[in-house]
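1. model this:
(4 chains)
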2 protein chains.
Amino acid sequence: MSHVTIKEIARRCGVSQGAVSYALNNRPGVSAATRARVLRVAAELEWVPNTAARQLSAARSETFGLVLARTPQTLVEEPYFMGFVGGVESVLAEHAYALSLQVVADLGAELATYRKWAAERRVDGVIVVDLRVGDPRIPVLRKLGLPAVLVGDPALAEDMPCVWTDSTAAMTAALDHVASLGHQVIARIAGPPEFGDVWIRDQAFDSAVRRLGLTAVTRHTDYSAAAGADATREVLAGRPTAIVYDNDLMAVAGLAVVQGLGLRVPDDLTLVAWDDSTLCRITHPTLTALSHNVVGYGAEVGRRLFDVLAGARPEAHLYSTPLLIIRESSARCRP
Amino acid sequence: MSHVTIKEIARRCGVSQGAVSYALNNRPGVSAATRARVLRVAAELEWVPNTAARQLSAARSETFGLVLARTPQTLVEEPYFMGFVGGVESVLAEHAYALSLQVVADLGAELATYRKWAAERRVDGVIVVDLRVGDPRIPVLRKLGLPAVLVGDPALAEDMPCVWTDSTAAMTAALDHVASLGHQVIARIAGPPEFGDVWIRDQAFDSAVRRLGLTAVTRHTDYSAAAGADATREVLAGRPTAIVYDNDLMAVAGLAVVQGLGLRVPDDLTLVAWDDSTLCRITHPTLTALSHNVVGYGAEVGRRLFDVLAGARPEAHLYSTPLLIIRESSARCRP
DNA sequence: CTGATAAGCCGAACCGGTTAAGTAACGAAG
DNA sequence: CTTCGTTACTTAACCGGTTCGGCTTATCAG
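-> This is a model prediction of the structure:
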């Protein structure tokens, strides 16, 4: 069963190959009658465009790329990514685009992947996550001319198109919340400092702490559950009455540590998580968290990448501000 | 900066395009000297093959496909998949293959994707997950002639190449464990019955229950945390002293329910989870689980797909048997 | 010394589309 | 009636590789 080509359609319709191409791509140059006939025949023969051929001549691959510079292990731990990818997918599917996913060890390998993709013309655009401060990927993508949407704060995106959520506002809301409950001594278990979003939160945390006159300490980790547990043990020495975590995995790990030490949540300690996945709702007590529609976020990023391809000016789009969902792990401070 | 093509290399080396192609692909037809010269020039010019062109003429896309028929929401919840994908990736990267990922709503859409991929020749092979009993994808893939590796028990794979882990042995180990602790009344919170692996576990569970003379009940769910919590509440009416879960997410949700009702784990109830992700190690108490190297599993599946492309006979490969890791949620039954 | 064989390489067709340039037909404007 | 501009096509080049038939030239058996 040899596959149907445009040539076969042309033969059956009695027109040239070129005309068929125009008809199938909704471009001017054919009459309405001819176009209708071509479309009918194409449908009858169940024609599907050969992507390789199209890519070769039109220099479009109808594929977007996403590189994750993480170990497979962190990917297992972070429920975040699959949801994000799912959201991206939902938009790509509407445009019959595919997503090429690559998991690499580090930023260097990620840059190599971009270079390779650009040279091979294997992707029409890329989605860049885990933005850093002074991110080395930005100049590379600029030089390669690879259309891209960065996922992160405009302060980090250096005028590249980006989609972001307002971590500053979210962090402020979190601290206002714990302060309003009377907590004075706060600990923060943060992600790796080289991650741009962690840096943004660091700033927001410090400035809120000053404004509210709190006593605070920040511990940076690698985002893993184990590191979150260790950091929790350490900061407890400072006798905080509230702990704010940079992701939900560490918050859950921290909760277990706290309970293991015989402390009660929320009676002795208020916990706030970030990235509100199911985890925060299935622990006992349930966790107050900065909630985040990860799937919608991914979808928005996908849409923006199509806009960029369509020639939109590079812009920063605020997707949303994480919403503070107050649950059982929050309580008034009792000394 | 126009990209380097084979033609440019040919010009510089003073040979024909065809000769360059042979040289670059390690095929006979050129002398060792010429080959070396071509390779040197190609490296100098930083030539990268244009995948579209290669795909068009050689009918290879150097891409594998993976379709997930799940809602984005379940993908967020299941830490399983990202790790699996990461494992697959690690093998594909070695062969400079890409992975095309598609998230669709249901099996029908998944079948449509396979048909499309086959027609467009967009992938060289596919990885099929979430095998069903009498899976409708198997005849479709056979008819399309799309190389595939199924992830699941040979009993479900109908002589297609597959990679599996021995769920029967794992379930047997789990029940031997709880029985050896003196538990007599066991509940099982299972996944959706249409999933092949759940069916396999159902069989194994029933047969072990009979062999050990236990009293047991099984509740099927959709694998979600909420369903796991509900099912836990329901089965508690039967006063079980041990509960076995089909994934770790439901186990964690179940733990919260149990603790919320004032029951103590493991004093009043022994819990066993499946798919030992970080979750099982960060709860308090930590959870006994059937542990599973998901990343390695993915890698093995990737390797087998390359074997299939290389013409290997369709075979079933046992990757491993999930290992029972006994943690704090296990204790001797005290009536 | 001759004829057969094979290695090494060339030229060109080919994969299946896209697209610039060219052409014929026709209607409107001058 | 000529001129010009559209519309609706056709033709053919092109994208960047792969691959096959055929042409040289060297090798070797007879």
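2. Output the set of residues of the stretch 201-335 of chain A in proximity to chain B.
-> Within reach of chain B by Cβ under 8 Å from any Cβ of the partner chain, the stretch 201-335 of chain A has these residues: A:224-225, A:229, A:249, A:252-253, A:255-257, A:259-260, A:277-279, A:281-284, A:286, A:294-295, A:298. The C-beta positions use only the backbone N, C-alpha and C, and glycine is treated the same way.
3. Tell me which of those residues fall in strands.
-> Under the assignment DSSP state E, those contribute nothing to strands.
4. out of these, which are inside helices?
-> A:225, A:229, A:249, A:252-253, A:255-257, A:259-260, A:279, A:281-282, A:294-295, A:298 (DSSP state H).
5. follow-up on the earlier one: mind checking which of the residues of the stretch 201-335 of chain A next to chain B are buried?
-> A:224-225, A:229, A:249, A:252-253, A:255-257, A:259, A:277-279, A:281-284, A:286, A:294-295, A:298 (16 or more other Cβ atoms under 10 Å in any protein chain shown).
6. Low-confidence stretches in chain A?
-> Within chain A, the stretches with pLDDT under 70 are A:1-2.
7. In the ones in helices among the residues of the stretch 201-335 of chain A next to chain B, find the pair that's most separated.
-> A:G260 and A:G298 (35.3 Å; Cβ to Cβ).
8. Let me see the contact set for A:L107.
-> If a contact means Cβ atoms under 8 Å, 6 or more residues apart in numbering or on different chains, then A:L107 has A:69, A:132, A:136-137 as its contacts.
9. Helices - which of these land there?
-> A:R137.
10. helix, strand or coil for A:V217?
-> Recorded secondary structure, A:V217: strand (DSSP: H, G, I helix; E, B strand; the rest coil).
11. Quick check: it vs chain B, distance?
-> 22 Å (Cβ to the nearest Cβ, to the nearest Å).
12. Give the burial count for that residue, as a bare number.
-> By other Cβ atoms under 10 Å in any protein chain shown, 16 other residues sit near A:V217.
13. now do A:L236
-> Neighbours of A:L236 under the rule other Cβ under 10 Å: 17.
14. does it really touch A:G262, like I thought?
-> No: using Cβ atoms under 8 Å, A:L236 is not in contact with A:G262, being 11.4 Å away.
15. circling back: neighbour-wise, which one of the contacts of A:L107 leads?
-> A:R137 (22 neighbours).
16. Could you find the closest non-adjacent residue to that residue?
-> Of all residues not flanking A:R137 in the chain, A:V128 sits nearest, at 5.9 Å (Cβ to Cβ, 6 or more residues apart in numbering or on different chains).
17. what's the closest residue in space to A:V295 that isn't next to it in sequence in contact with, if anything?
-> Excluding the flanking residues, the one nearest A:V295 by Cβ to Cβ, 6+ apart is A:G87, at 4.0 Å. By Cβ under 8 Å, 6+ apart, the contact set of A:G87 is A:294-302, B:72.
18. repeat that with 6 Å
-> Going by Cβ atoms under 6 Å, 6 or more residues apart in numbering or on different chains, A:G87 touches A:295, A:298-299, B:72.
19. Any chance of the residues you listed in JSON lines with distance to DNA strand D as columns?
-> Formatted as JSON lines, these follow (distance: Cβ to the nearest atom of the strand, whole Å):
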{"residue": "A:V295", "distance to DNA strand D": "37"}
{"residue": "A:G298", "distance to DNA strand D": "32"}
{"residue": "A:A299", "distance to DNA strand D": "33"}
{"residue": "B:P72", "distance to DNA strand D": "36"}
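20. which two in the residues you listed are spaced the farthest apart?
-> Checking those with Cβ to Cβ, the most distant pair is A:A299 and B:P72, at 8.7 Å.
21. residues near A:V30, how many?
-> Neighbours of A:V30 (other Cβ under 10 Å): 20.
22. Can you say which helix or strand has it in it?
-> Using DSSP states H and E, A:V30 sits within no helix or strand.
23. Please apply the same query to A:E300.
-> Applying DSSP H and E, one finds A:E300 within helix A:294-309.
24. What is that helix packed up against?
-> In terms of contacts (3 or more Cβ pairs under 6 Å, 6 or more residues apart in numbering or on different chains; DSSP states H and E), helix A:294-309 is packed against helix A:80-94, strand A:125-128, strand A:148-151, strand A:162-165, strand A:316-320.
25. For the stretch 101-250 of chain A, just list every one of the helices.
-> A:107-120, A:137-144, A:154-157, A:167-180, A:196-212, A:225-235, A:248-260 (DSSP state H, counting those that start in this stretch).
26. Pick the most deeply packed of those helices.
-> Mean neighbour counts were compared across the helices of the stretch 101-250 of chain A using mean count of other Cβ atoms under 10 Å in any protein chain shown; the top stretch is helix A:248-260, at a mean of 25.
27. I'd like the distance from the helix or strand that that one is followed by to the chain centre, please.
-> Counting by DSSP H and E, the element after helix A:248-260 in chain order, helix or strand, is strand A:270-274. How far strand A:270-274 lies from its chain's middle: 21 Å, per Cα atoms, centre = their mean, to the nearest Å.
28. Report how many residues lie close to A:G29.
-> For A:G29, using other Cβ under 10 Å, the count is 12.
29. Just give me the neighbour total for the closest residue to it other than its chain neighbours.
-> Using Cβ to Cβ, 6+ apart and skipping residues adjacent in sequence, the residue nearest A:G29 is A:Y22, 4.3 Å away. Using other Cβ under 10 Å, A:Y22 has 18 neighbouring residues.
30. Over to A:Y22. Which of the three states is it?
-> helix.
31. Would you mind stating the distance between it and A:L56?
-> 18 Å (Cβ to Cβ, to the nearest Å).
32. Same question for A:I200.
-> Computed with Cβ to Cβ, the distance linking A:I200 and A:L56 is 42 Å.
33. before we move on, what about A:T215?
-> For A:T215 relative to A:L56 (Cβ to Cβ), the value is 63 Å.
34. just A:C13 next, same as before
-> Distance, A:C13 to A:L56, by Cβ to Cβ: 24 Å.
35. distance between stretch A:28-41 and the chain's centre?
-> The chain centre lies 42 Å from the centre of stretch A:28-41; the measure is Cα atoms, centre = their mean.
36. before we move on, back to that, winner for burial among the helices and strands packed on helix A:294-309?
-> Neighbour counts (mean count of other Cβ under 10 Å) averaged over each of the helices and strands packed on helix A:294-309 peak at strand A:148-151, with a mean of 27.
37. Which neighbours in the sheet does that strand have, and how are they oriented?
-> Within its sheet, and counting by DSSP bridges, strand A:148-151 is paired with strand A:125-128 (parallel), strand A:162-165 (parallel).
38. for chain B, what are the nearby residues on the stretch 1-150 of chain A?
-> With the criterion set to Cβ under 6 Å from any Cβ of the partner chain, the stretch 1-150 of chain A comes near chain B through A:48, A:51-53, A:55-56, A:72, A:75-77, A:79, A:81-83, A:86-87, A:89, A:98-101, A:103, A:119-120, A:122.
39. for A:L324, phi and psi?
-> The phi/psi pair for A:L324 (degrees, to the nearest 10) reads phi -80, psi 120.
40. Isn't it up against A:A173?
-> Yes: look at A:L324 against A:A173 with Cβ atoms under 6 Å: they come within range, at 4.7 Å.
41. a markdown table for the helices and strands packed on helix A:294-309, including distance to DNA strand D?
-> Shown next, in a markdown table, are the helices and strands packed on helix A:294-309 (distance: least, Cβ to the nearest atom of the strand, whole Å):
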| stretch | distance to DNA strand D |
| --- | --- |
| helix A:80-94 | 24 |
| strand A:125-128 | 19 |
| strand A:148-151 | 22 |
| strand A:162-165 | 30 |
| strand A:316-320 | 33 |
